[in-house]
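1. sharing a model prediction with you, sequence too.
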Amino acid sequence: CVEAVDRLRESALSRERNITLGATYSVLCAVQHNTDAATGEHGDLLDIIRERCGFGNFREVAEEARRFLKLPRPNQDVTPKVALPAVQRGSREAARRLFAISQPIESTLVQLYLRRRGIDDVHHGGSLRYQPRCYYHPPNQDAPEIWPAMIARVTDLDGTITGVHRTWLDPEGFEPHRLGKAPIDTPRRAMGDLLGNAVRFGMADDVLAAGEGIETMLSLRCVLPTLPMAAALSANHLAAMAQPPNLRRLYIARDADAAGDMVQAVLSQRAEVAGIEAIPLSPRLGDFNEDLHTFGLDALRASIMGQIVPEDIVRFSRAG
């Protein structure tokens, strides 16, 4: 076949190549692939062109066939792509771009991860997204690794994104000792401006529940799905979190450790100075997600309802 095409090509180049070989190209490219019964190899004239000319991809093969047949090139969008300026890694703008290119969490690894943490109803209000290919930079290593990640937006009181929090996830399964996080040194990292800001679930007005972890606050949202909540991401950031100007009651979802005791003391003092009622919420175990994962939703609901002001139960629970 290759020799036949070469002979046709030489003849066409010396005479009317757009008729003789052009017709051959047109006919042979239109028929179905022929298969060698002995080897199982198959192909058409385009495959012969590729082998004869040594092309490495189909674009070059198609260009050769189009050139010989004198076919017009298809209309292409020549609008130049606008290249975004480079930004500093870990900056506020880098955080905004990462959140923008991530996708909703529904039917993704993030939803599965949270479900395995006991959070079946994720009342996140758009604050969470999924990034299937999120860079992770190991310490003392230049080349980044790529892992799927839960992306949480960090905002100020006006709702402006100031940063993001990344939780890299294990795509292979849910190891109990890692609770579904990726097998890397630091599976949780934040970027951007965090001081005074938080991952917010609902916009607070006069009542707010605040705690450290994302999973901790999402566990409480399973019980009180419309109560505005904020995850400050660490004990120090929780103690320094900005408070809404109209706030009159603050629920402090403390962790059961020394840092939780410190946060409760600091926030209670700040609330007292501002004329805000501060009410601590204490878990039975280490935090409220551990309570939910261990005891179940009904037990968590019973524990929380005994610590919430009755009017807020009516106002922020489904029953209300």
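-> Received it, and whenever you're ready, just let me know what you need. Numbering: from 1, shown residues only.

2. for the lengthiest strand in the chain, buried residues please.
-> For the chain, the longest strand by residue count, based on DSSP state E, is strand 145-155. Residues W147, P148, A149, M150, I151, A152, R153, V154, T155 are the ones in strand 145-155 that count as buried (16 or more other CB atoms under 10 Å). Any C-beta I mention is one placed from the backbone N, CA and C, and that applies to glycine too.

3. the last one bridge partners, please.
-> Read it as T155. Beta-bridge partners of T155, counted by DSSP bridges, are I161, A198.

4. also the fourth one?
-> M150 has the following beta-bridge partners by DSSP bridges: Y130, T167.

5. so it makes contact with T167?
-> Yes. Contact criterion CB atoms under 8 Å: M150 and T167 qualify, at 4.3 Å.

6. how close does R249 sit to F174?
-> In this structure, R249 and F174 are separated by 36 Å, where distance is defined by CB to CB, to the nearest Å.

7. and R129, by the same measure?
-> The span separating R129 from F174 equals 20 Å under the rule CB to CB.

8. which one's more surrounded, those two?
-> Neighbour count, other CB atoms under 10 Å: between R129 and F174, R129 has more, with 22 against 15.

9. show me what contacts that one?
-> R129 makes contact with F99, S102, Q103, P104, I105, V110, M150, I151, A152, R153 under the criterion CB atoms under 8 Å, 6 or more residues apart in numbering.

10. and stretch 58-74, which residues are buried?
-> Within stretch 58-74, the residues scored as buried using 16+ other CB under 10 Å are V61, E64, A65, F68.

11. if you could redo that for stretch 240-248, that was the one I meant.
-> Buried residues in stretch 240-248, counted by 16+ other CB under 10 Å: A240, M241, Q243, P244, L247.

12. excluding its backbone neighbours, what's nearest the fourth one?
-> Think P244. A204 (4.7 Å; CB to CB, 6 or more residues apart in numbering).

13. and D206, what pLDDT?
-> If you check D206, the pLDDT there is 95.

14. which ones are touching it?
-> Counting by CB under 8 Å, 6+ apart, D206 touches P244, N246, L247, R248, R249.

15. Y130 reaches P148, doesn't it?
-> Yes. Y130 sits in contact with P148 when judged by CB under 8 Å, with a separation of 7.2 Å.

16. give me the common contacts of those two.
-> Counting by CB under 8 Å, 6+ apart, the contacts common to Y130 and P148 are L109.

17. can I get stretch 264-272 as CSV, trimmed to CA atoms?
-> Provided in CSV are the C-alpha atoms of stretch 264-272 (Å, rounded to 0.1, in the frame of the first residue of the first chain):
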residue,chain,number,x,y,z
GLN,A,264,-13.7,30.3,76.0
ALA,A,265,-12.1,32.6,78.5
VAL,A,266,-10.9,35.2,75.9
LEU,A,267,-14.1,35.2,73.9
SER,A,268,-16.3,35.5,77.0
GLN,A,269,-14.3,38.5,78.2
ARG,A,270,-14.5,40.2,74.8
ALA,A,271,-18.2,39.5,74.6
GLU,A,272,-18.8,40.9,78.1
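
18. residues in contact with that stretch?
-> For stretch 264-272, the external contacting residues (CB under 8 Å, 6+ apart) are A210, L238, A239, Q243, L250, I252, R254, I276, E277, A278, P280.

19. any chance you could map the strands in the stretch 151-300 of the chain?
-> Using DSSP state E, counting those that start in this stretch, the strands of the stretch 151-300 of the chain run over 161-168, 188-192, 199-201, 207-211, 229-231, 249-253, 277-281.

20. single out the most deeply packed of these.
-> For these, the largest average neighbour count (mean count of other CB atoms under 10 Å) is found in strand 229-231, namely a mean of 28.

21. which strands and helices lie in contact with that one?
-> In terms of contacts (3 or more CB pairs under 8 Å, 6 or more residues apart in numbering; DSSP states H and E), strand 229-231 is packed against strand 199-201, strand 207-211, helix 214-223.

22. that one pairs with which strands, parallel or anti?
-> Note on strand 229-231: by DSSP bridges, its sheet partners are strand 199-201 (antiparallel), strand 207-211 (parallel).

23. now those in TSV, with distance to I119?
-> Formatted as TSV, those follow (distance: least, CB to CB, whole Å):
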stretch	distance to I119
strand 199-201	12
strand 207-211	14
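
24. figure out which of those is closest to I184.
-> Closest approach to I184 among these (CB to CB): strand 199-201, 21.0 Å.

25. got a list of contacts for that closest one?
-> Contacts made with strand 199-201 from outside it, assessed by CB under 8 Å, 6+ apart, are listed as 123-125, 127, 152-155, 159, 165, 214, 217-218, 221, 228-233.

26. so who does V154 touch?
-> 95, 161-165, 190, 192-194, 197-199, 233.

27. thanks again, I'm all set now.
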